[in-house]
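Peer 1: Got a predicted structure here, sequence first:
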Number of protein chains: 2
Amino acid sequence: MSRKIIVVGGVAGGATAAARLRRIDETSHIVVFEKGEHISFANCGLPYYIGGSIEDREKLLVQTVEGMSRKFNLDIRNLSEVTAINREEKTVTVKQVATGNEYTESYDQLILSPGARPIVPPIAGLNDSINVFTLRNIPDTDKIKSWVDERSPKKAVIVGGGFIGLEMAENLHERGIDVTVVEMGDQVMQPIDPEMAAIVHQHIQDHGRLILEDGVHAFKEEGRKVVLSSGRELESDITILSIGVRPENELAVNAGLKTGDRGGILVNEYLQTEDEAIYAIGDAIEVRDYIQDTPVMVPLAWPANRQGRIVADTIYGKPTAYNGTLGTSIAKVFDLTVAATGNNEKTLKQLGVNYKAVHVHPGSHAGYYPGASPVSLKMTFDPESGQIFGAQGVGLDGVDKRIDVIATAIKGGLTVFDLPELELAYAPPYSSAKDPVNMLGYVATHVADGDLKIVHFDEIDDIVSQGGFLVDVRDPQEVEMGAIPGAVNIPLDTIRERLDEFPSDQPVYITCQVGLRGYLATRILEQNGIDTINLSGGYKTYACVNH
Amino acid sequence: MSRKIIVVGGVAGGATAAARLRRIDETSHIVVFEKGEHISFANCGLPYYIGGSIEDREKLLVQTVEGMSRKFNLDIRNLSEVTAINREEKTVTVKQVATGNEYTESYDQLILSPGARPIVPPIAGLNDSINVFTLRNIPDTDKIKSWVDERSPKKAVIVGGGFIGLEMAENLHERGIDVTVVEMGDQVMQPIDPEMAAIVHQHIQDHGRLILEDGVHAFKEEGRKVVLSSGRELESDITILSIGVRPENELAVNAGLKTGDRGGILVNEYLQTEDEAIYAIGDAIEVRDYIQDTPVMVPLAWPANRQGRIVADTIYGKPTAYNGTLGTSIAKVFDLTVAATGNNEKTLKQLGVNYKAVHVHPGSHAGYYPGASPVSLKMTFDPESGQIFGAQGVGLDGVDKRIDVIATAIKGGLTVFDLPELELAYAPPYSSAKDPVNMLGYVATHVADGDLKIVHFDEIDDIVSQGGFLVDVRDPQEVEMGAIPGAVNIPLDTIRERLDEFPSDQPVYITCQVGLRGYLATRILEQNGIDTINLSGGYKTYACVNH
Ligand SMILES: Cc1cc2nc3c(=O)[nH]c(=O)nc-3n(C[C@H](O)[C@H](O)[C@H](O)COP(=O)(O)OP(=O)(O)OC[C@H]3O[C@@H](n4cnc5c(N)ncnc54)[C@H](O)[C@@H]3O)c2cc1C
Ligand SMILES: Cc1cc2nc3c(=O)[nH]c(=O)nc-3n(C[C@H](O)[C@H](O)[C@H](O)COP(=O)(O)OP(=O)(O)OC[C@H]3O[C@@H](n4cnc5c(N)ncnc54)[C@H](O)[C@@H]3O)c2cc1C
Ligand SMILES: CC(C)(COP(=O)(O)OP(=O)(O)OC[C@H]1O[C@@H](n2cnc3c(N)ncnc32)[C@H](O)[C@@H]1OP(=O)(O)O)[C@@H](O)C(=O)NCCC(=O)NCCS
Ligand SMILES: CC(C)(COP(=O)(O)OP(=O)(O)OC[C@H]1O[C@@H](n2cnc3c(N)ncnc32)[C@H](O)[C@@H]1OP(=O)(O)O)[C@@H](O)C(=O)NCCC(=O)NCCS
């Protein structure tokens, strides 16, 4: 029983859905409408083509209209914008972009994968600016790249410190351009928490300029001058606006389909809108947070691909639920890797969830093998059940692996108590006999079990200034390199002989470099009747923020 | 209630146990006996110090006797060999290595972590050889390194293709030495299966010589000549014997403690021997295979460290079970990474378990981003329940991550059906929108569901020679580069027009480059009434073995 399925949008979600539809059924008529010229291109590769590390433009075109049509026997129509859905008749109205001609096409099922578009606020002077760009597709890319190739800009302003902004910062820097990133919030990279972002801030400043808590107020001189809310003015030869995306929901809204608070098309767990013939996937929809089951928008490629895959199964009678989005994400920011999965602390605070957070900074691999560097990891969890809420990592190497392991642990329902039991691959070039994820597990277990009390980087200064007793158990040489104001230095190795220097009528706060020696100190002190509280992540986490 | 705990062996398992014992209890008397000079050294780093990538010998000494004694308030006695356990009296006899003097020391609990030692068979001429070495500890390392530094050997023979042998091959090659690896079996690296090892074989041959299915029969001319069982003679300026290890079990055996078939000390899930005051951990014990619950020996650092950690908890009244060993392992072999977790196909065959295996070769990261290379993965699983039995990976990059993810999935009880749902971190430098592990999951799901029938690299030649119809769906240019003898070339894109060329009275075998296009072909053909069977891993897996 042959049927006709229409897909709107021919890139990540749409192309994947179309390919899977055909694999399941050879006989359906599958039409893909794409308003742009290109289908199935590598959105995620665009910044790297501009930066030059991807040299060949062809490589961005994963599939061509011709090739994919043949391979999957699809009716792909590019430069064809779907302008209306006529739900009663089960047809769509299609406008041929080149001619403006319109026609209708009927469907049995309709899949919407129209994606999202860059947010462009009505900033004064924007319309007169000639050097301000957004980046979403191949034409955007071509425009930016020719501007760089032909005008050899010297100074760039990146507005917005999300992953696309920072990838563009890196890639324009690669092209020899002085880059300034302007971010309205107090941190870049929203998926991570401030103290983790602080590591990224330092790193950006090593390669360019970073301005936080300031936004663009106006453009002047055709965009040559960027005026910030603070009054500060920046010169710019090229400006990238990358302050986020909003779902392409007009088609759905005009057809009377519901959208959520942030504009995402609403679907059930089978990705079906309230119209049972219409499904929606990808950046355009609102999804459930995998952990908290709250509504969220996660405009990333894995969800779009996964949703495209399973919506086809559902349509062909094998209903497959989408179980929510963890929001696992990653970006290369110059030499750093920044990655996260699940809920960060900001989110948990906002939701009022009972949680704990721990920090560790183990080596990416065995310290004695060349090239090891710290992997700064933070994990949030439920101290009662041990459920892992999320994790974040920043470092030069090995961050992707640890976040993937934790994302897998979450999907496997493993708790923090299980992480020490993960038997991960160890040889000196790859890890340590206790992997960083094992370490996170050990530390979180202590915290959950109440065997280790911790305090955080943002609490310790207040505690000291209110008379708290803080002991730094590092060696004097380390303390000289920098320490928390007010800390008394009693090196770990001498604690047993100097027990009388610790007060027993008040808690003793402990700090070291990363938290490990501090923990060792708590073990000695607690057994000697002294109440201890360790600084999570040690001086390293503290110093990221307070340098 | 202070007690006295004796630990035999001061390196991976022993040092970890001692450190944790102290963290739990400040008051016990903890004695560590180590017959060698060094405690707590980086066994796993030894080859790299010889090769020169670890330059500083100090880096191998993770803890010194003095430093660790002070830090953990331990009574560490190196150069002290425990020669007997007197179970009745609960004492051990200790011989001071320097003087030969003996004394006894009492214990409340005894922890054995004596490790393993290299197997040295009684080969003719071995005793007269001056250039044959084994590698286990610092003195071994010093000997090998000075031989290399002082004698500038030109030719090396490595006997045994396990991970220590291959690490030594790489490191001696780094020193400019011509290396020949001699392996008695038909493959190197036992944790992986033959077709995966075949990739490693090619790679070794790119850097040196590899002789399989031949063993050392005798040494001649003080070791200058190595005579193989085949009669072949090799010249050698330095020979490393690395054919495996056997547990250091004499102490236990002499004390009447039971050992398993391969000599491993027998313990219960709490790592307790049949004597309730005596625990044993590390390379010296027999463990249970995590998946099959069969007895196995897994002489690796993670198990030793984990067991050292939990045995201390058990001793102090928090009984913590050791839940078996997955055998996750990894090695760098020249530029390749070779890793495995769980059960390989050889093991499953031997045990007579009902299993299926699939192969994929996706890119380490997005193909359009520079530096991507294939990750060859194989996974074994239960086609009924979808339980993951194990996985193996070989490649230049990204192998460790995928094996760690699968090891985590196994511990989380995830099945092959869950792997497509793993939401892993994607940006072009790190992965693809569908990660290689997702791909493994998709393919295995099809096989388990019966949606995809597969045949393997070692079956296809016989099938063709017995009249099987094999179609290669790659493009003609690819076929020219090499193909399976007897295959008919019908490119994927033309199949729909050439359906009449496929027989409908017999199954059609399909091959392509890696299995993906073959799968696409099966989808088209099956829906046209043609029975298809796809070659797992495609020509790539086939060619690894049949090149
Ligand atoms: C520069 C950049 C870098 C990125 N990097 C990453 C990354 O590293 N990792 C990651 O996970 N994600 C990344 N993303 C996000 C990722 O590309 C998206 O999440 C994903 O493409 C979403 O898939 P989709 O199908 O919903 O939308 P898209 O892939 O955007 O496809 C939607 C398509 O629908 C078309 N369309 C819209 N409306 C209509 C209509 N009415 N008629 C016809 N056609 C229509 C659009 O022209 C568009 O081509 C990046 C995105 C960009 C722009
Ligand atoms: C060259 C090399 C490379 C390796 N690489 C890796 C790797 O990359 N990854 C990995 O996972 N594993 C690796 N291993 C294996 C790993 O080192 C071992 O699995 C681990 O050290 C086992 O710990 P253990 O405590 O059981 O034994 P060991 O660490 O060997 O410690 C046992 C100690 O006990 C002492 N001892 C024995 N008998 C007595 C006695 N009667 N009295 C006093 N002392 C005694 C020995 O002298 C020895 O120092 C490697 C091993 C070697 C040799
Ligand atoms: C190119 C594109 C159309 C591919 O879609 P696709 O065909 O679903 O995906 P793949 O080529 O990865 O193939 C996956 C299929 O091959 C199968 N497969 C993969 N490797 C296999 C192997 N070795 N053996 C057998 N089958 C294999 C999988 O099971 C899956 O089939 P299924 O869905 O029927 O189970 C789509 O991903 C796309 O347009 N990508 C570019 C846009 C984009 O994603 N942008 C965002 C990221 S930059
Ligand atoms: C060096 C050695 C003695 C260390 O043993 P250890 O003290 O148990 O291990 P670590 O130094 O990794 O510390 C782990 C402890 O610190 C804690 N910890 C780690 N990071 C922490 C942090 N940031 N904050 C708080 N606690 C932390 C862990 O919870 C764990 O304590 P616990 O066991 O009480 O839960 C031992 O591993 C050894 O001898 N290694 C060399 C030999 C060897 O392993 N060879 C084979 C591989 S080459």
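Peer 2: Thanks, I have it. Ligands and ions are numbered 1, 2, ... in the order given.
Peer 1: Could you see whether chain B lies near stretch A:504-520?
Peer 2: Yes: using C-beta under 8 Å from any C-beta of the partner chain, we find that stretch A:504-520 touches chain B at residue A:520. Bear in mind the C-beta positions are built from the backbone N, C-alpha and C, glycine included.
Peer 1: how far out from the middle of the chain is that stretch?
Peer 2: Computed by C-alpha atoms, centre = their mean, to the nearest Å, the chain-centroid distance of stretch A:504-520 equals 33 Å.
Peer 1: Kindly report the same for stretch A:171-186.
Peer 2: Centroid separation for stretch A:171-186 versus its chain: 18 Å, with C-alpha atoms, centre = their mean.
Peer 1: Now for whichever residue of the stretch 351-500 of chain A sits closest to ligand 4: which residues touch it?
Peer 2: Residue of the stretch 351-500 of chain A nearest ligand 4, by C-beta to the nearest ligand atom: residue A:442 (3.3 Å). Residues near residue A:442 by C-beta atoms under 8 Å, 6 or more residues apart in numbering or on different chains: A:419-420, A:434.
Peer 1: for residue A:344, what are its contacts?
Peer 2: Per C-beta under 8 Å, 6+ apart, neighbours of residue A:344: A:191-193, A:380, A:390, A:392.
Peer 1: need the residues of the stretch 351-500 of chain A near ligand 2, please.
Peer 2: For the stretch 351-500 of chain A, the residues in contact with ligand 2 (C-beta under 6 Å from any ligand atom) are A:426-428.
Peer 1: Return the distance of the residue in the stretch 1-150 of chain A positioned nearest to ligand 4 relative to residue A:402.
Peer 2: When scored by C-beta to the nearest ligand atom, the stretch 1-150 of chain A has residue A:44 as its residue closest to ligand 4, at 33.5 Å. According to C-beta to C-beta, to the nearest Å, residue A:44 and residue A:402 sit 21 Å apart.
Peer 1: what's the pLDDT at whichever residue of chain A sits closest to chain B?
Peer 2: Residue nearest to chain B within chain A (C-beta to the nearest C-beta): residue A:412, separated by 1.7 Å. Here the pLDDT value assigned to residue A:412 is 98.
Peer 1: Distance of the residue nearest to it when sequence neighbours are not counted relative to ligand 3?
Peer 2: Computed as C-beta to C-beta, 6 or more residues apart in numbering or on different chains, the closest residue to residue A:412 that is not its neighbour in sequence is residue B:412, at 1.7 Å. Distance of residue B:412 to ligand 3, computed by C-beta to the nearest ligand atom, to the nearest Å: 22 Å.
Peer 1: residues in the stretch 1-150 of chain A within reach of ligand 3, list them.
Peer 2: Within the stretch 1-150 of chain A, the residues that sit near ligand 3 (C-beta under 6 Å from any ligand atom) are A:11-12, A:15-16, A:19-20, A:23, A:40, A:42-44, A:62-63.
Peer 1: mind listing which of those are in helices?
Peer 2: Mapping these onto helices (DSSP state H) picks out A:12, A:15-16, A:19-20, A:23.
Peer 1: ok, back up a step: from the residues of the stretch 1-150 of chain A next to ligand 3, which are also near ligand 2?
Peer 2: Of those, not one also sits near ligand 2 (C-beta under 6 Å from any ligand atom).
Peer 1: For the stretch 1-150 of chain A, give me the ranges with low pLDDT.
Peer 2: Confidence mapping of the stretch 1-150 of chain A against pLDDT under 70 gives the ranges A:1.
Peer 1: just to revisit the earlier point, so which two of the contacts of residue A:344 are the farthest from each other?
Peer 2: A:191 and A:380 (12.2 Å; C-beta to C-beta).
Peer 1: Show me the shaky parts of chain A.
Peer 2: A:1.
Peer 1: Kindly report the residues of it close to ligand 1.
Peer 2: Counting by C-beta under 6 Å from any ligand atom, chain A comes close to ligand 1 at A:8-9, A:11-14, A:33-36, A:43-44, A:46-47, A:81-82, A:113-115, A:135-137, A:164, A:248, A:251, A:282-284, A:299-302, A:304.
Peer 1: can you do 5 Å?
Peer 2: Residues of chain A lying close to ligand 1 (C-beta under 5 Å from any ligand atom) are A:8-9, A:11-13, A:33-36, A:43-44, A:46, A:81-82, A:113-115, A:135-136, A:164, A:248, A:282-283, A:299-301, A:304.
Peer 1: Looking at those, which are in helices?
Peer 2: Judged by DSSP H, those include A:12-13, A:46, A:164, A:301, A:304 as members of helices.
Peer 1: Would you convert those into TSV that also reports distance to chain B and neighbour count?
Peer 2: Listed next are these as TSV, based on distance: C-beta to the nearest C-beta, whole Å; neighbours: other C-beta atoms under 10 Å in any protein chain shown:
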residue	distance to chain B	neighbour count
A:12	7	28
A:13	10	32
A:46	10	26
A:164	10	24
A:301	4	25
A:304	7	28
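Peer 1: Check those and tell me the two furthest apart.
Peer 2: Across those (C-beta to C-beta), the longest gap, 18.1 Å, separates A:13 and A:164.
Peer 1: Now do the contacts for the residue nearest in space to the middle of chain A.
Peer 2: When C-alpha atoms, centre = their mean is applied to chain A, the residue found nearest the centroid is residue A:329 (3.8 Å). Neighbouring residues of residue A:329 by C-beta under 8 Å, 6+ apart: A:163, A:191, A:300, A:339-341, B:425-427.
Peer 1: same thing with residue A:304?
Peer 2: A:12-13, A:16, A:113, A:281-283, B:433.
Peer 1: Swap in 7 Å and give it another go.
Peer 2: Applying C-beta atoms under 7 Å, 6 or more residues apart in numbering or on different chains to residue A:304 gives the contacts A:12-13, A:281-283.
Peer 1: out of these, who's nearest ligand 2?
Peer 2: Taking C-beta to the nearest ligand atom as the measure, residue A:12 is the one of those closest to ligand 2, at 39.3 Å.
Peer 1: Excluding chain neighbours, give the residue nearest to the closest one in space.
Peer 2: The shortest distance from residue A:12 to any non-neighbouring residue, by C-beta to C-beta, 6+ apart, is to residue A:304 (4.0 Å).
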